[in-house]
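Novice: Need coordinates for the below:
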Amino acid sequence: MKMKTLIFLLAAVMMAGAAWAQNEKAPAEAAVAEWDSQSYDFGKIRQGIPVTHEFKFVNTGKTPLVITNVTASCGCTNPAWSREAVMPGQSGFVKATFSAAALGAFDKTVTVTANIEQGSVQLKIKGEVSEQVVQ
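Specialist: Residues are numbered from 1 along each chain as shown. Below is the predicted model:
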């Protein structure tokens with residue numbers, strides 16, 4: 001009985017060690033996105049005139065960065081992004097176009113899903129839509 005217990009414990013330790021080693025490799029294989037900014041304030045904008053901001057990033061990791069999906073928090077925001085893999089040292093983008101249809105303040109998010117360590121990042125846009133913009 002002691003031999004079976006010893007073998008079981010040894011097997012459990014080996015499996016735990018293998019799982020830990022795999023987890024240790026994951027961050028090194030993840031791409032790294034260094035964003036120029038993760039939020040943008042449009043300020044006051046005119047109703048009915050869509051506005052766009054381009055968020056830029058550099059892949060500072062050692063693995064090509066692949067954006068698998070970009071979703072907006074509402075239908076009033078339309079995202080676009082780098083569709084090709086962004087190689088280490090290269091730049092990519094995510095654009096957020098806000099429709100500006102409704103009057104009032106807005107605060108929206110765009111979620112970027114990619115092969116980065118966190119799995120995703122949220123970019124934010126905000127501003128205020130008015131009938132007339134006073135300059």
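
Novice: Please count neighbours and contacts with C-alpha atoms only from this point.
Specialist: OK.

Novice: residues in contact with residue 125?
Specialist: 39-42, 96, 106-109 (C-alpha atoms under 8 Å, 6 or more residues apart in numbering).

Novice: So what sits opposite residue 95 in the bridge?
Specialist: Residues in a beta bridge with residue 95, per DSSP bridges, are residue 54, residue 80.

Novice: What remains of the contacts of residue 125 if I keep only buried residues?
Specialist: 39-40, 42, 96, 108-109 (16 or more other C-alpha atoms under 10 Å).

Novice: any idea how this structure splits into domains?
Specialist: Per the record, the chain has its domains at 1-29, 33-130, by automatic domain parsing.

Novice: circling back: including distance to residue 59, pLDDT and secondary structure, could the contacts of residue 125 go into JSON lines?
Specialist: Putting the contacts of residue 125 into JSON lines (distance: C-alpha to C-alpha, whole Å; pLDDT from 0 to 100; DSSP: H, G, I helix; E, B strand; the rest coil) gives the following:
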{"residue": "39", "distance to residue 59": "18", "pLDDT": "98", "secondary structure": "strand"}
{"residue": "40", "distance to residue 59": "20", "pLDDT": "98", "secondary structure": "strand"}
{"residue": "41", "distance to residue 59": "24", "pLDDT": "98", "secondary structure": "strand"}
{"residue": "42", "distance to residue 59": "26", "pLDDT": "98", "secondary structure": "strand"}
{"residue": "96", "distance to residue 59": "20", "pLDDT": "98", "secondary structure": "strand"}
{"residue": "106", "distance to residue 59": "30", "pLDDT": "97", "secondary structure": "strand"}
{"residue": "107", "distance to residue 59": "27", "pLDDT": "97", "secondary structure": "strand"}
{"residue": "108", "distance to residue 59": "25", "pLDDT": "98", "secondary structure": "strand"}
{"residue": "109", "distance to residue 59": "22", "pLDDT": "98", "secondary structure": "strand"}
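
Novice: got those residues as JSON lines, with distance to residue 53 columns?
Specialist: Below are the contacts of residue 125 laid out as JSON lines (distance: C-alpha to C-alpha, whole Å):
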{"residue": "39", "distance to residue 53": "10"}
{"residue": "40", "distance to residue 53": "7"}
{"residue": "41", "distance to residue 53": "9"}
{"residue": "42", "distance to residue 53": "8"}
{"residue": "96", "distance to residue 53": "6"}
{"residue": "106", "distance to residue 53": "14"}
{"residue": "107", "distance to residue 53": "14"}
{"residue": "108", "distance to residue 53": "12"}
{"residue": "109", "distance to residue 53": "12"}
